[in-house]
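Asks: Fold the stuff below for me.
(chains A, B, C and D)
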Number of protein chains: 2
Amino acid sequence: MKKRITIIEDNPIIREGFAAVVNSSALYEVCGQYACCEDALKNLHADAPQLVLMDIDLPGTNGIEGTIQIKKKRPDCIVLIITVLEGSDKVFQSLCAGAGGYIVKNSDTEDIVKDTNEAFSGGAPMSLHIAKMVVQSFNRAQDSPLSERETSVLRGIAEGKSYSKIALDLFISKETVRSHIKNIYQKLAVNSKADALKVAGSHKWIS
Amino acid sequence: MKKRITIIEDNPIIREGFAAVVNSSALYEVCGQYACCEDALKNLHADAPQLVLMDIDLPGTNGIEGTIQIKKKRPDCIVLIITVLEGSDKVFQSLCAGAGGYIVKNSDTEDIVKDTNEAFSGGAPMSLHIAKMVVQSFNRAQDSPLSERETSVLRGIAEGKSYSKIALDLFISKETVRSHIKNIYQKLAVNSKADALKVAGSHKWIS
DNA sequence: GAAAAATCCCCCAATCTGCGGGATTGAGGG
DNA sequence: CCCTCAATCCCGCAGATTGGGGGATTTTTC
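Replies: Here you go, the predicted model:
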C-alpha cells in the first residue's frame, strides 16, 4: 500500500514537478495537489493524506495557518514545509503550528522522497541552516548580568509567582526576594515586573 | 590547516576509535582526548579545539555541565554530544547548555566525520529521533479548553503584566480582563495566577 | 582587605488581586 | 425561536502585592 501525499504549492511548475517525483516513487502516490490551502482543506477528508508537502507563501490562507487547519482535522498527518525562503519567524511559526519538518529547496536538488522517507521513519527533515536555527533557539546567551540567585528569583516572577511564593520556594525571606528584585531592576534598568521579563526574556537570560 | 578536535569520552575503546577515525580524515586532527571534563577543561586553552566530541555520561562533571564550561571559555567552539542513550531531558539540557548537535551512536555506524562536516557547514547534526523530539517541543497541544481571548489574557499574565496593562494591550476594559480571568480559573480549576500558569504552561496552552 | 553576592529588616502609599454579586451584546446550534 | 456561549462591561470590598526609600549582616570571591 502506497503512502498518500497531498501537495499544496501555488507555482504550477514546481507543483507538477513534485507530483511527478512523488508518483514515480515506489512508496508514495499523490492523492491531491492544490494551489491553495482552501481547496486542499475542502478535499482533505476525501484525499486522506498521510503527509502534506506545504508551501509557505500562498495566496489566501498561508502555509502556517494551513498547517494549523490540517493538524486540527488530521492530527496524525505529517506536514512538511517546503519553501525557498528561510525567514526565521516563518520557521518557528511553522514548527509551532505542527509542521514535522522544514526544507529549504535549493532549486536544483529535489530530495523530496528522501525527506519524506525520513519523516515517515520518525525523523524531522530539516535543511542544514534550519536545524542550526532550531538548535540555537535553545542555547541561551550566557553573558547575563544577573547572578545565579537573581536568575532564580526572576524565573519565579516569570512563572507568575508572588514574592511570598518565591521566598517559600527558595527557602529565603520575602525581604530577600525584594532585595534581589531591586537589584535586578537596577541591573536591567527597568522598574516593573513586566519590563524586567521583557528585557530578560528577549536576551534569554531566564531559565 | 586541519580543524582541531577534542574528544571527551570515558570509555577508552570508543575514545580511541573516535580518535583514529578523526585522525585518518584529511580535514581534522585530534588535539586532545580525555576521559573526563576536568582534564579536558584544564587543557582547553592549550588544545584550542574548534570542535569537541562530548559524551554525556561521564564520571565527575557530566557532559551537560562540561558543555556549559567549554562554551563559557570558548564560545566559538562547537560541542557535539555523542551518546548511546537518548533521554529526552538530556537532549534539551544539552541544547540549552550550548551543544551544536546531538548524535545517538548506533554502535556500528560511525559517521562522525560526516556529522563534523555538517557542524562546520553551519548545520546542527542530529539523529532522526532527536530531530523529531526537538521539533515536537515546538508544537503545542491544540486541545486547549480556553477560548482565543482567554488565551491572550493568560499570555499577558505569563508576561507579568497587570490586569490594567493587559486591558490596555487588548483594547478592552480592566473589568473584562477580570471576567476572563475568572472564567480561566474556573476552566482550569485553579485560583491564582501562578497555578493557572502552571497548568496551562504544562499543557502548552499559552502562546 | 575590598567587592560582590546573598541574606534579612523597617516604613509607606498606591495598586493589584480574588471573590461576591450582577448586565448586555452578538454569534451559532438545536 | 430560544438557549448557550463568548465577550464585553460594571460595582464593592478585604487583604495581599508592589515599588520606592532607608538600612543591616554574612559569606564568598578576588
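Asks: which one is residue A:113 nearest to, not counting chain neighbours?
Replies: Here the nearest residue to residue A:113 in space, its sequence neighbours aside, is residue A:25; by Cβ to Cβ, 6 or more residues apart in numbering or on different chains that works out to 5.0 Å. C-beta coordinates here come from the backbone N, C-alpha and C atoms, glycine included.
Asks: before we move on, what about residue A:131?
Replies: Distances taken as Cβ to Cβ, 6+ apart place residue B:124 nearest to residue A:131, at 4.0 Å, with adjacent residues excluded.
Asks: quick one: which helix or strand includes that neighbour?
Replies: Using DSSP states H and E, residue B:124 maps to neither a helix nor a strand.
Asks: what residues does chain A put near DNA strand C?
Replies: Within reach of DNA strand C by Cβ under 7 Å from any atom of the strand, chain A has these residues: A:147-150, A:167, A:170, A:172-173, A:175-176, A:178-180.
Asks: helices or strands up against whichever helix in chain A runs longest?
Replies: If you go by DSSP state H, chain A has its longest helix at helix A:174-188. Using 3 or more Cβ pairs under 8 Å, 6 or more residues apart in numbering or on different chains; DSSP states H and E as the contact criterion, the elements in contact with helix A:174-188 are helix A:148-158, helix A:163-170, helix A:193-202.
Asks: related to what we said a few turns ago, where does the residue nearest to residue A:113 land in three-state SS?
Replies: Assigned by DSSP: H, G, I helix; E, B strand; the rest coil, the conformation of residue A:25 is coil.
Asks: re the thing from before, weed out the non-buried ones from the residues of chain A next to DNA strand C.
Replies: With burial judged by 16 or more other Cβ atoms under 10 Å in any protein chain shown, the buried subset of the residues of chain A next to DNA strand C is A:150, A:167, A:170, A:172, A:176, A:180.
Asks: Surely the third one is in contact with residue A:151?
Replies: Pointing back at residue A:170 there. No: the pair residue A:170 and residue A:151 fails to qualify as a contact (Cβ atoms under 8 Å) at a distance of 11.3 Å.
Asks: pull the helix or strand with minimum mean pLDDT from chain A.
Replies: With mean pLDDT, DSSP states H and E as the measure, the helix or strand of chain A carrying the lowest mean pLDDT is helix A:63-73 (a mean of 86).
Asks: That one close to chain B?
Replies: Yes: judged by Cβ under 8 Å from any Cβ of the partner chain, helix A:63-73 and chain B are in contact via A:68, A:71, A:72.
Asks: ditto for stretch A:116-123
Replies: Yes: remark: stretch A:116-123 sits within contact range of chain B at A:118, A:121, A:122, A:123, by Cβ under 8 Å from any Cβ.
Asks: From those residues, pick out the ones that also neighbour DNA strand D.
Replies: Checked against DNA strand D using Cβ under 7 Å from any atom of the strand, these give no members in range.
Asks: quick one on the thing from earlier: dump the helices and strands packed on helix A:174-188 to a markdown table, plus mean pLDDT and distance to residue A:8.
Replies: Below are the helices and strands packed on helix A:174-188 laid out as a markdown table (pLDDT from 0 to 100; distance: least, Cβ to Cβ, whole Å):
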| stretch | mean pLDDT | distance to residue A:8 |
| --- | --- | --- |
| helix A:148-158 | 92 | 38 |
| helix A:163-170 | 93 | 47 |
| helix A:193-202 | 90 | 34 |
